[in-house]
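*Asks:* let me see the structure of the following:
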Amino acid sequence: MQLKGENGMKKTIMTLSMAASVGLGTLFAGMPADKVFAESVAELEAKRQEIQSKSSGIENEINEKTDQIEALQVEQQQVNTEINRIDQAIGDTTTKISEKNAQIEEKNVEIEKLNLEIDELIKRIEERNELLKERAVSYQESGGMVSYIDVLVGAQSFSDFIDRVGAVAVILEADQSILKEQNADKEALEQKQAKVKSDLAELENMRKELETLKANLDSQKEQKNVLMASLEKQEAEAVEVKMSFEEEQEILSSQDAAIQKAIELEQQRQAELKRQQEAAAAAEAAKAAEAAKAAEAAKVAEEARAAVETAASAPTSNKTDSSESTDTTSKASASTVTQQSVATAPVSGGSFTRPAAGSISSGFGYRSFNGGGFHYGVDIAKAGTVPVVAAADGVVSRSDVSGSYGNVIYISHSINGQTYTTVYAHLNSRSVGNMEPVSKGQVIGYMGNTGDSHGQHLHFELYRGGWTASHSNAINPMSMVPM
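*Replies:* Here you go, the predicted model:
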């Protein structure tokens, strides 16, 4: 996931409100130690339960996205199977189209041959037509069958008659043969022309049907490709959202661990404080007992001396001086006891300190340069090797690398009962790890130019509560941190 850097989240993800763990510095100043312990640990436990609740919700979101991704993958497999089937059908259809094209080519060659034969038939028919025309003219000029009778009647002998009958029969038979051939050729011509037209039309129809089928298959494949692209896009988006949730869950988990660490450190600190207070009280009691014992001994000695002086009839003024001396000693002892019970002074310098040296190159709010958008932090720029320090006491909830933040450190703090989170982005290097307690002013890394950055600088963010993806609880660092 691309975590939001200086110009907003690169991808829209679910808004999360992550509670931060508490730091170790000056907690609940001015309150009794036992109350500090009870309230600070109670707050930590409450924040931890809140984080665990949110983490459980994110786990459900991750499971839903996992199921969605698996469903999309199954659907993609089905679509891919369908695409393969269509590809196979397209291949078969293309092969058939090629075959029909080849058959059409063969038929065209056959048509060329038939056309030659047809030309020959037409020529023969035309020649016969000419011959028949000549015969018809001859019939008209000679009287047709009458001229044949004249030929027979003009025979000089029976033998001549027989010869003339044979000749006429031959002529008539030749005429009939010509007519038969003419009719046969015409019929053959019509059959061949009809067959050529029929075969060619059939092949053309088959080719058109195949081309229509191929066009439909191409259209189906295009639709399936569009569907596949949509499914792949949905899967990529689901995977990215899932990764976002997983990283958010990691941040929640790390902050939960940071809180647990802070609870342990707070308990150790309070136990040590209690031990020191008990030791101080015991020492004070011992000193008080010793002073009381010394005062009692002085009183006994004074009473004994007074008795001796009374017996010796000593002046009364001496007793008064001695009493004053005793009172002075007692006051000095009491003064010593009071000085021992005074608490240590609090750490000075305020709750936060400036995280790095340099000039402010970009403030908190909307800006028109570097892509525009809302800038949720403050940029501090300076050349050279510039150390970056923790702005306040706290616990490192996450030390990691992000696509937009680059080398980044999240630190959780608790100051006067309020939890805060600070973010240090675009670092060149990081010198603290997860769950590591840090103190205000401690070096945690060095200024750099990693992630979505333009030039060496520190991008510093401040949140009231925990870091959130929506940055809804981001506050202007310059309102609380001396810059």
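*Asks:* and the chain, what are its domains?
*Replies:* Listed domain ranges for the chain are 74-234, 269-340 (source: automatic domain parsing).
*Asks:* I'd like to know which of these has the weakest mean confidence.
*Replies:* Taking each of those in turn, the one with the lowest mean pLDDT is domain 269-340, at a mean of 64.
*Asks:* okay, now the residue nearest to Gly365 when sequence neighbours are not counted: neighbour count?
*Replies:* The spatial neighbour of Gly365 that comes closest, neighbours along the chain excluded (C-beta to C-beta, 6 or more residues apart in numbering), is His375 at 6.2 Å. Where you see a C-beta, it was placed from the backbone N, CA and C, and this is true even at glycine. His375: 22 surrounding residues under other C-beta atoms under 10 Å.
*Asks:* next one: the one 4 residues further on
*Replies:* As a burial measure, the neighbour count of Asp379 was computed by other C-beta under 10 Å and equals 24.
*Asks:* what average pLDDT does the longest strand seen in the chain get?
*Replies:* Counting residues, the longest strand in the chain under DSSP state E turns out to be strand 418-430. The average of the pLDDT scores along strand 418-430 is 94.
*Asks:* packing partners for the helix or strand following that strand?
*Replies:* Scanning forward in sequence from strand 418-430 by DSSP states H and E, the next helix or strand is strand 437-438. Secondary-structure packing of strand 437-438 (3 or more C-beta pairs under 8 Å, 6 or more residues apart in numbering; DSSP states H and E): helix 158-311, strand 394-402.
*Asks:* so the nearest residue to His454 once chain neighbours are set aside: helix, strand or coil?
*Replies:* Taking C-beta to C-beta, 6+ apart as the measure, His454 lies nearest to Asn370, with 6.2 Å between them; neighbours along the chain are not counted. Under the three-state scheme (DSSP: H, G, I helix; E, B strand; the rest coil), Asn370 adopts coil.
*Asks:* quick check: phi and psi at Asn370.
*Replies:* Dihedral angles of Asn370 (phi, psi; degrees, to the nearest 10) stand at phi 50, psi 40.
*Asks:* show me what the longest strand of the chain is packed against.
*Replies:* For strand 418-430, the packing partners by 3+ C-beta pairs under 8 Å, 6+ apart are strand 394-402, strand 406-415, strand 443-447, strand 458-464.
*Asks:* gap between that strand and the chain center?
*Replies:* Using C-alpha atoms, centre = their mean, to the nearest Å, we find the averaged C-alpha position of strand 418-430 to lie 23 Å away from the chain's own average C-alpha position.
*Asks:* and for stretch 98-115?
*Replies:* The chain centre lies 59 Å from the centre of stretch 98-115; the measure is C-alpha atoms, centre = their mean.
*Asks:* try stretch 359-376
*Replies:* Between the centre of stretch 359-376 and the centre of its host chain there is 25 Å, according to C-alpha atoms, centre = their mean.
*Asks:* any buried residues in it, and which?
*Replies:* The neighbour-count check on stretch 359-376 (16 or more other C-beta atoms under 10 Å) flags Ser362, Phe364, Arg367, His375, Tyr376 as buried.
*Asks:* now it: mean pLDDT?
*Replies:* Across stretch 359-376, the average pLDDT comes to 87.
*Asks:* number of residues surrounding Ile83?
*Replies:* 17.
*Asks:* just how off-centre is the strand or helix carrying it within its chain?
*Replies:* Counting by DSSP H and E, the secondary-structure element that holds Ile83 is helix 33-142. Between the mean C-alpha location of helix 33-142 and the chain-wide mean there is a distance of 32 Å, by C-alpha atoms, centre = their mean.
*Asks:* who does that helix touch, helix- and strand-wise?
*Replies:* Looks like helix 33-142 contacts helix 158-311, strand 406-415 (3+ C-beta pairs under 8 Å, 6+ apart).
*Asks:* how about these in TSV, adding distance to Arg398?
*Replies:* Formatted as TSV, the helices and strands packed on helix 33-142 follow (distance: least, C-beta to C-beta, whole Å):
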stretch	distance to Arg398
helix 158-311	5
strand 406-415	4
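*Asks:* of the ones you listed, which stretch is the most buried?
*Replies:* Across those, averaging neighbours per residue (mean count of other C-beta atoms under 10 Å) puts strand 406-415 on top, at a mean of 26.
*Asks:* so that strand versus strand 458-464, what angle?
*Replies:* Using axes from the mean of the first three to the mean of the last three C-alpha atoms, to 10 degrees, one finds that strand 406-415 and strand 458-464 are set 40 degrees apart in direction.
*Asks:* other SSEs contacting strand 406-415?
*Replies:* Using 3+ C-beta pairs under 8 Å, 6+ apart as the contact criterion, the secondary-structure elements in contact with strand 406-415 are helix 33-142, helix 158-311, strand 394-402, strand 418-430, strand 443-447.
*Asks:* do that again at 10 Å, thanks
*Replies:* Of the remaining helices and strands, those touching strand 406-415 by 3 or more C-beta pairs under 10 Å, 6 or more residues apart in numbering; DSSP states H and E are helix 33-142, helix 158-311, strand 394-402, strand 418-430, strand 437-438, strand 443-447, strand 458-464.
*Asks:* show the subsequent helix or strand relative to the last one.
*Replies:* Remark: after strand 458-464, the chain's next helix or strand is strand 474-475, criterion DSSP H and E.
*Asks:* what strands flank that following strand, and is each parallel or antiparallel?
*Replies:* For strand 474-475, the paired strands and their directions (DSSP bridges) read strand 458-464 (antiparallel).
*Asks:* run the chain-centre distance for the strand it pairs with.
*Replies:* On the basis of C-alpha atoms, centre = their mean, strand 458-464 is displaced by 24 Å from the centre of the chain it belongs to.
*Asks:* phi first, then psi, for Trp467.
*Replies:* When quoted as degrees, to the nearest 10, the phi and psi of Trp467 stand at phi -60, psi 140.
*Asks:* returning to that earlier point: now the helix holding Ile83 against strand 418-430, angle please.
*Replies:* Angular relation of helix 33-142 and strand 418-430 on a 0 to 180 degree scale: 60 degrees, by the same axes, to 10 degrees.
*Asks:* now helix 33-142 against helix 158-311, angle please.
*Replies:* 170 degrees.
*Asks:* let's have the chain start at 7 instead
*Replies:* Taking 7 as the first residue, the last one we looked at is helix 39-148.
*Asks:* and for stretch 116-123, what's in contact with it?
*Replies:* When contacts are defined by C-beta atoms under 10 Å, 6 or more residues apart in numbering, stretch 116-123 is touched by residues 110, 113, 124, 127, 194-195, 198-199, 201-203, 205-206.
*Asks:* how about 6 Å then?
*Replies:* For stretch 116-123, the external contacting residues (C-beta atoms under 6 Å, 6 or more residues apart in numbering) are Lys198, Val202.
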